[in-house]
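> Pasting a predicted model and its sequence here:
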Amino acid sequence: MAQKFGNSRWVKEGFLDNHKPGLVIGQMTFAALGNVDFCLQGDLRGEIEGQGIRFHNPQFIDDERAADSLFDFCIPQVGKVSLMSFDPHPLLPAHPYLEWFSMENQHYRIELQPGDAWIMTIEELDAVRDISLRIHNELVPQL
């Protein structure tokens, strides 16, 4: 079963960068965990493929129950993209959908509301460049 992080309430914000084909690098902020680095094999899909995206979840709750539910969540997250898109299914309304598998084959999914995620501007990409480079250098060898 996929972990949905308290119906996505425990996910505050983050970014994912897919400018290198076959690689998604990023960072997300979770309740009780703080910032978590991501390095995933694969690509974003649809209009966000090859782009950098950013998201902010206005429904975020820094819930103390998050620590109990997320105690075994690996930090950092290294694994493989399953499906990451702003329009994941033709029969559903378009919405940000982030799904991946960890190296331990744990399945994770975050679904956000339309408008909670966007393609990053050049300025936003520049602001996370150092973080992305650090994550790339530290985590790509683990893939």
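Cool, got the structure. Numbers count the residues shown, from 1 in each chain.

> Could you list everything residue 110 pairs with in the sheet?
Using DSSP bridges, the bridge partners assigned to residue 110 are residue 98.

> correct me, but it touches residue 100?
No - applying Cβ atoms under 8 Å, one finds residue 110 not in contact with residue 100, separated by 9.2 Å. In this view, the C-beta of every residue, glycine as well, is placed from N, C-alpha and C.

> Show me where this protein has its strands.
In the chain, strands defined by DSSP state E lie at 11-17, 23-30, 34-41, 52-56, 77-85, 97-102, 107-111, 117-119, listed in chain order.

> List the buried residues for the longest one?
Spelled out, it's strand 77-85. 77-79, 81-82, 84-85 (16 or more other Cβ atoms under 10 Å).

> helices or strands up against it?
Here strand 77-85 touches strand 34-41, strand 97-102, going by 3 or more Cβ pairs under 8 Å, 6 or more residues apart in numbering; DSSP states H and E.

> go on, the first one?
Other elements packing on strand 11-17 under the criterion 3+ Cβ pairs under 8 Å, 6+ apart are strand 23-30, strand 52-56, helix 122-139.
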